[in-house]
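J.: Compute the structure for the input listed below.
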Amino acid sequence: MSFHIPASISLPRPALALTIAGSEATGGAGAQADLKTFQQLGVFGIAALTCIVSFDPNDSWNHRFMPVDAQVIADQLEATFTAYDADDLATVKIGMLGTPATIDTVAQALQGRSWKNMVLDPVLICKGQEPGAALDTDTALKNQILPLASFVTPNHFESLSLSGMDAINDVDDLTEAAHRIHAISGAVVLAKGGVRLSGPDAVDVYYDGSTLEVLSSPKVGEVAVSGAGCSLAAAVAAELAKGATPLDAARTAKEFVTAGIKARVSSNAPFDALWQGGVR
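T.: So this is what the prediction gives:
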């Protein structure tokens, strides 16, 4: 099939967004999910890869984690930042970084450029890492990347870690976590309850320091879907890149992910993947 665009029609230039994230080989999460989300929402997506993650079907589908060399990451960002002016590329979504060296490299690159929107999906754990390495990575992320973020989208585990709370069992707890994370970061917070909280609805809490809103939709099953967190943060970034307010971006992202979960893709893996085309 070919497409013909009359010469008299001038197409508007799309908004741009960068994802700094890992590659996930089955296509359900990571940079793959981010780029599909950007495309579905009408944003030109750019990606810098931080690591290569593949699930190991011979080891209970745990992660096999391979970091990208720090200089290679720096080279990717150098090329991107040279190609696009800061006024045009003013939105970045940060996903899995994976090592303190990667975090240091990314933090230095981000600090050398002004950003209108910096959306952090604070991936704090990777099953392919040793516990000590994972803790070092978490500490570096909290110290070097979280203070730069303008919008953060922690899941249940990440909300516990960032807030310092012992448990998050209901919406009141999730709201308290959102308040605490905003207090330490200054960022807009969209704390995700998802399927982790009991009840018929998947509930997320939005808090920006003054406005609090509980975003709720009926649960689609009781099992987490691969790519939901990545796609939510990417959808927030895409909407912000197009000029939406943070609250409107959060609302759209919630609807986008809910539709993607309903249209989930199954495979031989023991988990389903969100389908970004569910919004069609």
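
J.: can you list contacts of stretch 161-175?
T.: 122, 124, 138, 142, 146, 152, 154, 156, 159-160, 176-177, 180-181, 184-185, 191, 193, 196-198, 203-205, 207, 212, 214 (CB atoms under 8 Å, 6 or more residues apart in numbering). Yep, even glycine has a C-beta here, placed from its N, CA and C like the rest.

J.: which among those residues end up buried?
T.: 122, 124, 138, 142, 146, 152, 154, 156, 159-160, 176-177, 180-181, 185, 191, 193, 196-197, 203-205, 207 (16 or more other CB atoms under 10 Å).

J.: taking those residues one by one, which sit in strands?
T.: Judged by DSSP state E, strands contain the following of the buried ones among the contacts of stretch 161-175: Val152, Ala191, Gly193, Val203, Asp204, Val205, Tyr207.

J.: Please report how far the third one lies from His156.
T.: When distances are taken as CB to CB, to the nearest Å, Gly193 and His156 turn out to be 6 Å apart.

J.: Okay, helices next: where are they in this structure?
T.: In the chain, the helices defined using DSSP state H lie at 30-40, 70-83, 100-111, 131-140, 156-163, 171-185, 228-241, 246-262.

J.: if we compare the ones you listed, which one ends up closest to Gly221?
T.: Closest approach to Gly221 among those is made by helix 246-262 (7.8 Å; CB to CB).

J.: Could you identify the longest strand within the protein?
T.: Under DSSP E, the chain gives strand 43-56 as its longest strand.

J.: what angle do that one and helix 30-40 make?
T.: Here strand 43-56 points in a direction 150 degrees away from that of helix 30-40 (axes from the mean of the first three to the mean of the last three CA atoms, to 10 degrees).

J.: pLDDT below threshold where in the stretch 51-200 of the chain?
T.: 125-133 (pLDDT under 70).

J.: Give me the neighbour count for Lys219.
T.: For Lys219, the count of nearby residues is 17 (other CB atoms under 10 Å).

J.: And for it, nearest residue in space, chain neighbours not counted?
T.: Ala202 (4.9 Å; CB to CB, 6 or more residues apart in numbering).

J.: Just confirm that neighbour contacts Ser216, I think it does.
T.: Yes: assessed by CB atoms under 8 Å, Ala202 is found in contact with Ser216 at 7.1 Å.

J.: which residues pair with Lys93 across the strands?
T.: Judged by DSSP bridges, the bridge partners of Lys93 are Thr19, Val119.

J.: how close does it sit to Trp61?
T.: 25 Å.

J.: who's more crowded, the two?
T.: Lys93 (31 against 14).

J.: thought that one was touching Pro122?
T.: No: the criterion here is CB under 8 Å, and Lys93 misses it with Pro122 at 11.7 Å.

J.: Now for Glu213, how many residues are close by?
T.: 14.

J.: Which residue, neighbours along the chain excluded, lies closest to it?
T.: Tyr206 (4.5 Å).

J.: Contacts only, for that neighbour.
T.: Ala178, Val188, Val189, Leu190, Leu212, Glu213, Val214, Leu215, Pro246, Leu247, Ala250.
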